[in-house]
Each structure stands twice: as C-alpha cells, then as structure tokens.
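K.L.:
Sequence and predicted structure are below.
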Amino acid sequence: MALRLYNTLSGKIEDFHPLDDNRVRMYACGPTVYDYGHIGNFRTFIAVDLLYRFLRQSGYEVRYVMNITDVDDKIIRNSAHDGVSVQQYTAKYIQAFLEDSATLGIEKPIFVRATEHINAMADFIAELAKKGFAYRTEDGSYYFRIAKFPEYGKLSKKDFAGMNDGARVDVDEYEKDSARDFALWKAPKPGEASWETAIGPGRPGWHIECSVMSMEELGPSFDLHAGGEDLIFPHHENEIAQSESLSGQQFARYWFHARFLLVEGQKMSKSLGNFFTIRDLVLRGHKPSSIRWLLSQVPYRNQLNFTFDGLKSAASSVEKLRNFRFRLTSTQFPAGSTPQIAQLAQETIDKMKSALDDDLNTAEAQAAMFDMLRKVNTVLDAAQAGQNNFRQEDVKPLLGALTKFDEIFGVLNDDDQPKMKAILEWARAEGREKEISPELLGIAGSAQLTDEQVNQKLAEMEAARKTRNFKTSDALRAELTGAGIIVENTKEGVRWRRK
RNA sequence: GGCGCGGUAGCCAAGUGGUAAGGCCGAGGUCUGCAAAACCUCUAUCGUGAGUUCGAUUCUCACCCGCGCCUCCA
C-alpha cells in the first residue's frame, strides 16, 4: 500500500508519486499576518502538518515551504490605522503565528515572506508581460490576461468560456481588458506601502507571491500544493495561470485542500461570537494538546465541528493515551516476552499506515491505536490480577507503535503546562487578565512542586498508608491533587503524574 | 442560479452491497481503605420516500435539512 490522496485538480483520489524519486516538494499557503490565527486557520495548518509528518514517516524526503503573506490590503489598512509601518505591524503577528504553531506542535516548514521577494515578483510580472500574458494599465498596475490562458478554471472546475466579460465590469475596474483579469501588481496609492521595482513603483497583487516563491524554492514543477479550501478559487487558480503561463510546465501536481470547520455547528464568524484564536482557548483553560487532537481527529476533507464538548472529549482521549504509556513505563514486568503482544503492536502499526495511506484517514488511525490500548490494558489487568501473561520485553514493541502514532499526532509529550504558562504570561503582559480563567490558573498559574518535593510527600503518604493512618494519607493526597499531582496506588506500587 | 460536500447512537465521528469502527459522556458492575487508572456490560431500524438487488446504511432518483466556493475569508 502506498499513499493515496485526493487531488483537487483531478477531483479524484490518486496514487501519490513524487516527481523525483522519493523526494517530495511541497508548498503550503500560510497565514496573512494581520491578526492572531484562529482555529480555522490552524485546522488547515495541522492538516498540512499531518501530511508532512506522514510523508516523512513513509520514507520521503520532504522539502516543505510555507509562505507568510506580510503585505496585503488588510495589513496596509491596519498598519496605517495604527500609524506604524507594514514591517512593524506584521512583526508582532508573525511572532504570534510562530508561537501558536509551536504551541500546537506544528513542525516548522521553510518560511518565505512576500516582502522579501518583491523584486522577484516584479521580474516575474515583467516576463509575463513580455510573453503577452500580462498588461500594464495607465496608472501603472499590471493585470493577468485570462483570455490568454485557455485552461483557466481547471482547478476550481469553472467554465469561463461562455461568460460575457463586458457585462460585469465594475466602474472602478474600467481599465481592465476583461472583468475576470486579476491584479498582478497594484500601482501605488498615497499613504500606502510601495516598493520601487523594475516595473515601477507599487505593491504586488495577492497571488503572485505564491507563484514566485514556490517556483523559486521548489522549481517550476513540484509535487504538492496545499491550503484551505477557500483558496481553490481564485487564489490557486490564479497561481496556476501565472506559473504555467510563464514556465510552460505543469505547476503543482497534487492540490491538497482542507475543509473549513464549523464551530458549535455554525460557521465561525466574529458576529456569531464563535470566533476563537488558539490563545482564546488556552485562556479558557484548554490544553494545546486537546486543541491539536480535536483538529486532527476528523479527516481533513470532512467538515469538522469544533465544540467545547469536543475539546473536553479530546482532553480525555489524550489523557487515555498518556496514561497508557505511563502504565507501560512505570512498572517493571517479569522478564521475557509474549509473541502475541509484539504481533498486536505490528498489526496496529500496519492499520495506522493503511488508514493514513487512505487519504489521511486520521479517525481510522486513531481507532486502531485505541483498539490496541484496550486489548493491552485488558492483558495488563489480568497480569495485575496474577496471571503471568505480560512480560517486560512486550513493552518495547508497544512503545514502538505509540511512537509511530505520535510521530503523526504529536500529543503524547506532556508539555501543555509550560505552553499554557507562556500564554498566561502573555495575557498578563497584554493587559488581558480578565480573560484568564480559573482553569488556566489551576493548570499553569500555581507554584509547581519539584519532583523531589513530590517524592518527599509521596514517601510520607506511603508511610502513613502502611500504618493505615488514612487521615494523614488522605490529607497528603488532597494536597498533591491540589498541586496538580495525581497519585496512583497500584499492586505494583505507587506512581504519580502531573495533570 | 452554477459547481461541490455532507446528514450514522446524548455529543464528536469512521466505515461497508450481506444487518454498523473509535473517542467522549451517562448507567450498572469488577478492582479498590479512599482516590486514580483500567476492564466488562448496556445505549443506533445509519435524514425522508421510492427504485435497482437474493439482500442497501452503503448504488440510483426525488425530496427535506446543513455547509462550502462562485474575485483577495484557512
């Protein structure tokens, strides 16, 4: 079995084969940094992250480039409003985006920024003009001539042949040859950011940056191009038109689009009050791992309903996984091995792989892992009850399966607390104290006990329990629980973890 | 209007032409000084109607409902 992916270009699920042996070149449309990223943005970025991780796990060498759009209408408008430069304005949100990505365990791509490729864009446009695909208007703007690119519409499956251009020309677009023609370059306007280039002053249109930067980083023809479904038209359609007109070659071969999510069953929008950034959710006390889990639970092409119940459910699921690993690693089992366990681990790995091979069916991959969990827990329960059917060497293959699982899903490592603490401090620095929930304070805000301190308390507690001084032991347990320490007393002895 | 996606248990959500994964929550049970963890049992006539078929949740059609794109929203 090999990877099969839905390709928006063909509208079908296809076998995935990179152009160059086992090297994959992929490009993802990243954020426009005019505000903090919201969960919808991050659904897409996590979907691409899962793809990237799985490609590498499958043995591909992946060159993964993501752009950051650091100049556009909104940025120009907002920075002007704040009275700062475009650079100053975007620096804050670029930083926030990098932080949020790290918070969600998203692996780092190679980042490219629009404003660092302005001259290359101008050259690209000049070349298009030379070939007759672009034209300059009186004010110094450049447009792409769609009539010159007959395949226009092939990605979004739109048929522009029968459209009457003239009928839809807006008054302010009178300079364009055709209403469908899109801007490659916008002539400067007073007070707006502008760059001096070979084609004159101005700023780039939205689509040109991705054509220029992706081709620069990955070549004129590369394997994968990803983004949110809203980008199919016009953004990606226009990228294809620009790029293929210039190079005469196929631009991206596979187009990967993540579907929009719903929030509490409704489209996310500021007016509905269901618009959340990652930071909003953490301030409410939700763990980054819960957010990541919820966003990766539903296969990327399906509508995902993001709910607060779902967030709680995700937290329980993650905890179940972590508990399982804890159970395996915190106990010394009798020496030896059980062949069935190794076999179960391998079957689980195989099932995860075939699930993910099938257009990244994350739900099925997760189900395979939970099946393994249940079966092994059953055996461990029996072992605890005296049956000698789980051996120390069984741990290794099971941990191996968990590791493979987590190479994709990335939730096992319990680093929620420091991440939440960082956001807590950010909120205080930003003057957003009143948004800090008791839940967040409970997890991230209280003074932490060191391992030594915990072990000290634990020793006291065990001593009390041995002499059946339960009043003392219960008090100690309560104290530890209050500090976010969960103590488990099992037949094999006492063990603890942080909540 | 054009193009596309979906409606599966209280919630989230896979999947298949032969009577439905997984997670969460709830109820009962096992274990247990308490707690935690875990396990077991219970909870779905798969939007509605019709058709194709030996047999459909899975294919076809119609209808109802939700959602997306149709010029800068991931």
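P.N.:
Noted; the coordinates are in hand.
K.L.:
Give me the nearest residue to the residue in chain A that RNA strand B sits nearest to, chain neighbours excluded.
P.N.:
Distances between chain A and RNA strand B by Cβ to the nearest atom of the strand are smallest at A:Gly228, namely 1.3 Å. Quick note: C-beta positions are derived from backbone N, CA and C, even for glycine. Leaving out its chain neighbours, the residue that sits closest to A:Gly228 by Cβ to Cβ, 6 or more residues apart in numbering is A:Thr44, at 4.4 Å.
K.L.:
And for A:Gly200, the neighbour number?
P.N.:
By other Cβ atoms under 10 Å, the residues close to A:Gly200 number 18.
K.L.:
quick one: contacts for it?
P.N.:
A:Gly200 makes contacts with A:Gly140, A:Ala187, as judged by Cβ atoms under 8 Å, 6 or more residues apart in numbering.
K.L.:
Can you tell me what sits against the strand or helix carrying A:Leu373?
P.N.:
In the assignment (DSSP states H and E), A:Leu373 maps to helix A:362-384. Under the contact criterion Cβ under 8 Å, 6+ apart, helix A:362-384 has outside partners A:50, A:296-300, A:317, A:320-321, A:324, A:327, A:333, A:341, A:344-345, A:348, A:351-352, A:355-356, A:358, A:389-390, A:398, A:401-402, A:405, A:408-409, A:490-492.
K.L.:
again, only this time at 7 Å
P.N.:
With Cβ atoms under 7 Å, 6 or more residues apart in numbering as the test, helix A:362-384 has contacts from A:50, A:296-299, A:320, A:324, A:327, A:344, A:348, A:351-352, A:355-356, A:389-390, A:398, A:401, A:405, A:491.
K.L.:
What subset of those is buried?
P.N.:
Among the contacts of helix A:362-384, those classed as buried by 16 or more other Cβ atoms under 10 Å are A:50, A:296-299, A:324, A:327, A:344, A:348, A:351-352, A:355-356, A:390, A:398, A:401, A:405.
K.L.:
can you give me the helices in the stretch 251-400 of chain A?
P.N.:
Counting by DSSP state H, counting those that start in this stretch, the stretch 251-400 of chain A has helices at residues A:278-283, A:288-297, A:308-329, A:339-357, A:362-384, A:395-409.
K.L.:
Show me which positions of the shortest one end up buried.
P.N.:
Read it as helix A:278-283. Across helix A:278-283, burial judged by 16+ other Cβ under 10 Å covers A:Ile278, A:Arg279, A:Asp280, A:Leu281, A:Val282, A:Leu283.
K.L.:
Could you do the fifth one as well?
P.N.:
Buried residues in helix A:362-384, defined by neighbour count with 16+ other Cβ under 10 Å: A:Thr362, A:Ala365, A:Gln366, A:Ala368, A:Met369, A:Met372, A:Leu373, A:Val376, A:Val379, A:Leu380, A:Ala383.
K.L.:
which residues touch the residue nearest to A:Gly228?
P.N.:
Counting by Cβ under 7 Å, 6+ apart, A:Thr44 touches A:Gly227, A:Gly228, A:Ala258.
K.L.:
and these, which of them are in strands?
P.N.:
Within these, residues falling in strands by DSSP state E are A:Gly227, A:Gly228, A:Ala258.
K.L.:
Which residues does the worst-scoring helix or strand of chain A on mean pLDDT contact?
P.N.:
Sorting the helices and strands of chain A by mean pLDDT, DSSP states H and E puts strand A:493-498 at the bottom, at a mean of 81. Outside strand A:493-498, the residues that touch it by Cβ under 7 Å, 6+ apart are A:Phe326, A:Ser330, A:Asp414, A:Gln417, A:Val454, A:Leu458, A:Glu462, A:Gly484, A:Ile485, A:Ile486, A:Val487, A:Glu488.
K.L.:
What of stretch A:202-214?
P.N.:
Under Cβ under 7 Å, 6+ apart, the answer for stretch A:202-214 is A:27, A:29, A:65, A:67, A:69, A:71-72, A:112, A:114, A:117-118, A:120-121, A:124-125, A:140-141, A:182-188, A:193-195, A:222, A:235, A:238-239, A:242-243.
K.L.:
Spell out the secondary structure type for A:Ala464.
P.N.:
helix (DSSP: H, G, I helix; E, B strand; the rest coil).
K.L.:
Run a quick neighbour tally on it.
P.N.:
Residues lying near A:Ala464 (other Cβ under 10 Å) number 18.
K.L.:
got it, and A:Ala385?
P.N.:
The burial count for A:Ala385: 8, using other Cβ under 10 Å.
K.L.:
still on that earlier bit, list the contacts for the residue of chain A closest to RNA strand B?
P.N.:
With Cβ under 7 Å, 6+ apart, A:Gly228 has these contacts: A:Thr44, A:His257, A:Ala258, A:Phe260.
K.L.:
Heading C-terminal from the host helix or strand of A:Ile68, find the next helix or strand.
P.N.:
Using DSSP H and E, A:Ile68 maps to strand A:61-68. Next helix or strand after strand A:61-68 toward the C-terminus (DSSP H and E): helix A:73-82.
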